[in-house]
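J.: after the sequence you'll find the predicted model.
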Amino acid sequence: MGFQVEATINRNYIILIAALLLLAYLPALYDLVIDWSTDGNYSHGFLVPLISAYLIWRKRRELSQLDFSSSISGLYITIVGVVLFILGNAASEYFTIRLSLVVTLFGLVLYLFGHSVIKRTWFEILFLIFMIPIPYVIYFSATFPMQLFASKVTGALLNFLGMTVVRQGNIIHLPTQSLEVAEACSGMRSLVSLLALGAIYAYLTQKRFSAKMILFLATIPIAVIGNVFRVFITALIVYTSNVNVTAEPVHSIMGASVFVIAFILLLILGAILKRAFK
């Protein structure tokens, strides 16, 4: 009887904390949904919490058999999350507010359920970071160098093939028309989505942590290579056929090709790592 009363109190305590957390972060969650709906760079944000929830649901039997024990270190992490939340609201800094949600959630799970639970759910919680848009200062500081890199490599490859092209910054001048590697073609959009994809793929397919990290970090050069290939093929099509590559469905097909190429490279690297880390 005493155990049932204690379990009921603990359950009500957890429900109360979850309700307060939801209430505090409701405006931030609403703004996140708006960003996912209006910014194509983060349309994958809708899937991130669903994927995290599904991965935890898969472990429901394993988690139900664990002995829950509170951890004081979780309380310290929760305090850090709350401080970030307060500072973010004071400075109207959306990224800090949203990041504090993940930090607070991680801390609460550790505090309420202990190390045995967080050991099995750390990835699912931290994966929620991929639903948060990158701060604009970081996004735009990375976008232009990626534009230049794609245009430089494409121009060099075309010249290597004996084609007459002149590059000025992120603009490639072809005999028939000029091709601008615009912000949307920098590869930043595909990089953000592919990082989330790479994280899931590495987590589900690799056993060793070192292999997981190698595969995840390899997503960055793989995404860059995929985007360079896209720009190169686009320039090649324009050079040889003068097709309007900005028109649909050509533009969408070229964009999808980045994901196809990147995913194939991830599969190949994943298979290699599996053999190497047996």
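T.: Looks like it arrived, so ask away. Numbers count the residues shown, from 1 in each chain.
J.: quickly note the distance from L87 to I237.
T.: Plainly put, L87 is 49 Å away from I237 if you go by CB to CB, to the nearest Å. Where you see a C-beta, it was placed from the backbone N, CA and C, and this is true even at glycine.
J.: out of those two, which sits in the busier spot?
T.: I237 (16 against 13; other CB atoms under 10 Å).
J.: what are the buried residues along the helix or strand where that one lies?
T.: I237 is part of helix 219-241 when elements are defined by DSSP states H and E. Buried residues in helix 219-241, counted by 16 or more other CB atoms under 10 Å: 219, 222-232, 234-239.
J.: let me see the ranges of the strands in this structure.
T.: Along the chain, counting by DSSP state E, strands occupy 166-168, 171-173, 178-180.
J.: wait, which of those is closest to Y30?
T.: Closest to Y30 of those, according to CB to CB: strand 178-180, at 35.9 Å.
J.: report all helices and strands that that closest one contacts.
T.: When contacts are defined as 3 or more CB pairs under 8 Å, 6 or more residues apart in numbering; DSSP states H and E, strand 178-180 packs onto strand 171-173, helix 219-241.
J.: mind running it again at 10 Å?
T.: Here strand 178-180 touches helix 136-160, strand 166-168, strand 171-173, helix 219-241, going by 3 or more CB pairs under 10 Å, 6 or more residues apart in numbering; DSSP states H and E.
J.: buried sites along it?
T.: Buried residues in strand 178-180 (16+ other CB under 10 Å): L179.
J.: and that strand, how far out from the chain's middle?
T.: 29 Å (CA atoms, centre = their mean, to the nearest Å).
J.: could you do stretch 214-232 as well?
T.: Chain-centre distance of stretch 214-232: 14 Å, with CA atoms, centre = their mean.
J.: ditto for stretch 140-149
T.: Chain-centre distance of stretch 140-149: 18 Å, with CA atoms, centre = their mean.
J.: again with stretch 161-176
T.: 33 Å.
J.: same thing with stretch 258-267?
T.: 16 Å.
J.: identify the residues contacting that stretch?
T.: Stretch 258-267 has contacts (CB atoms under 10 Å, 6 or more residues apart in numbering) with 185, 187, 189-191, 193-194, 197-198, 201-202, 205, 215-216, 218-219, 221-231, 233, 253.
J.: before we move on, what about stretch 26-40?
T.: Contacts to stretch 26-40, defined as CB under 10 Å, 6+ apart, come from residues 22, 25, 41-49, 85, 88-89, 94, 97-98, 100-101, 131-133, 184, 189, 193.
J.: again, but for stretch 137-149
T.: With CB under 10 Å, 6+ apart as the test, stretch 137-149 has contacts from 41, 95, 133-136, 167, 169-171, 180-189, 191-192, 223-224, 227-228, 231.
J.: many thanks, we can stop here.
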